[in-house]
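1. Provide a 3D model corresponding to the input given below.
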Amino acid sequence: MAAAPHAFISRAISMDHCRGSRPTGLDLYFIHQWDGVTPIEETVETMSSFVKAGKIRYWGVSNYSGWALAKTAMVAKEPGFVPPVAHQIYYTPEAREAEYELIPAGEDLGIGAMIWSPFGQGLFGGKVKADGSAPQGTRQGAEGWKEPFVSDWDRFARVLKAVEQVAAETGRSVPQVTLAWLRDRPGVNSIVLGARTAEQLADNLASFDLKLSPDQAAHIEAAGRPWPLYPFWHRAMWGMDRPTPSERIYLEGHRRTVGM
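-> A predicted model of the protein is given here:
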């Protein structure tokens, strides 16, 4: 059973090598998404073999669920396997679902969080309005574009307003404030920039020296704080005597939400 995924990924790595000129292995290779069918054990075995063969230096996963990430990490602890070092997740001031399990799990398991599309595929790129409308020539303004899923546009409007307010206070752009806020969030290790133009890249990189005040960061956090789903509201009410360090800050936020 292991031959099929091993061969498929091996061909993909070989193609990547052919496109480049590097004689050594890839620095970091990601499994983009678990297909829900391939046994996790096969994926771990395959990626471990590539590390040992020198084809890649490290490997990671992307868009995994919390339980799949944890199972992958546990399987990879078996003798002879090489554990993943990173996981890519979708995380913005509005899209905070990763705080429920993915970020705390990764931090507890020693798997670094790499944020993809920090601007929500353009939602926090500085051109989208509070109602979600966007000009032509932008990703959100493209006909037929469906990502990302926004569960509550009123909530998005509140978050965008908070980011815009901080941008006005600091004299910076909405993208710069977004990156500064994400960079200081617990459990975030790196952020992937997807600039299409030199101007966008320069604006993004200019955020490196922007440090939000505690009040500014808290203002954005409160506007987009995720609803305390079960079992998190229960743990926030009754499990604060011994929370794990990786989830304490999120449980404290849930307590504020439920009025405790």
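
2. Could you use CA atoms for every contact and neighbour count after this?
-> Noted.

3. Pretty sure R155 sits against G224.
-> Yes - judged on CA atoms under 8 Å, R155 makes contact with G224 at a distance of 7.0 Å.

4. what's the neighbour count on G110?
-> Burial of G110 is recorded as 14 neighbouring residues (other CA atoms under 10 Å).

5. just V37 next, same as before
-> Using other CA under 10 Å, the number of residues around V37 comes to 6.

6. swap in A86?
-> A86, neighbours per other CA under 10 Å, totals 23.

7. if we can go back for a sec, find the residues that touch each one of R155 and G224.
-> Both R155 and G224 are in contact with E94, where contact means CA atoms under 8 Å, 6 or more residues apart in numbering.

8. So between those two, which is more surrounded?
-> Ranked by neighbour count (other CA under 10 Å), R155 and G224 place G224 first, with 20 against 16.

9. Quick check: that one vs W233, distance?
-> G224 sits at a distance of 17 Å from W233 (criterion: CA to CA, to the nearest Å).

10. G112 now?
-> Using CA to CA, we find G112 at a distance of 26 Å from W233.

11. And for L123?
-> L123 is 29 Å from W233, where distance means CA to CA.

12. least trustworthy helix or strand in this structure by mean pLDDT?
-> The least trusted helix or strand in the chain, going by mean pLDDT, DSSP states H and E, turns out to be helix 3-19, with a mean of 47.

13. Each with direction, which strands does the helix or strand following that helix pair with?
-> Going down the chain from helix 3-19, the next helix or strand is strand 26-31, by DSSP states H and E. Paired neighbours of strand 26-31 in the sheet (DSSP bridges): strand 56-62 (parallel).

14. which residues touch the strand it pairs with?
-> If you take CA under 8 Å, 6+ apart as the criterion, strand 56-62 is touched by 25-34, 47, 50-51, 69, 83-89.
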